[in-house]
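Trainee: Sequence and computational prediction follow.
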Amino acid sequence: ALNRDNGYGVRDVLFEKMSHFLPEELIRQAVDRLWDLAHSQTEKYEGKHWLHAIDELSKQLKDPQLLEKVKRAESDGELSTASIIDIAKLHFECGDLATALTWIKRVPLDKSFMAHERDNLLIAIYQGQNNQKKLIETAWRVFRRDRSVDSLELLLRAVGEDKRASIVEEEAKS
């Protein structure tokens, strides 16, 4: 009832912090109630209000399947790039690197929207898998997209600090 009139989202914190105060069983009961509230709304916008709460709780529950279900409900089935990255990230946080990689690969490498987030997650996955070849490939892509001190440091962590001089020299020529 307290969250029913939450026009500006000021009460979203009720869901953002729920796992700090309630056990998983009660959070799952809250999710069930939120689904009921979302489905009972005649206005699509009002239903999304409740779906947003489920989205937040799915992350706290570390439940990627629930997150996928709510992301699909929020978008009428089609997943956005942001949703795909969120789902991949939650699989990663749950330690399921293979599934995280499967999800993040759904975001095309030539897509610039959220490329930074995609590539950061790819780097974390490849580090976790000890996949040096893919890690280096991704680090080069990041560096070539955004030539900065940070992206150079990322690249050097992947290829080795001993290659700094040659990389700087070669890239300064281009």
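Mentor: Thanks, I have it.

Trainee: Pull out the buried residues from the helix or strand of the chain with the lowest mean pLDDT.
Mentor: The helix or strand with the lowest mean pLDDT-type score in the chain, counting by mean pLDDT, DSSP states H and E, is helix 13-16 (a mean of 83). Residues Phe15 are the ones in helix 13-16 that count as buried (16 or more other C-beta atoms under 10 Å). (Each C-beta comes from the backbone N, C-alpha and C, glycine too.)

Trainee: Show the subsequent helix or strand relative to that helix.
Mentor: The first helix or strand that comes after helix 13-16 along the chain, using DSSP states H and E, is helix 24-40.

Trainee: any idea how far Ala139 is from Asp86?
Mentor: Distance check for Ala139 against Asp86: by C-beta to C-beta, to the nearest Å, it reads 23 Å.

Trainee: Over to Leu57?
Mentor: Shown here: Leu57 relative to Asp86, a distance of 13 Å by C-beta to C-beta.

Trainee: which residues does Asp55 contact?
Mentor: Residues touching Asp55, when contacts are defined by C-beta atoms under 8 Å, 6 or more residues apart in numbering, comprise 67, 70-71, 74.
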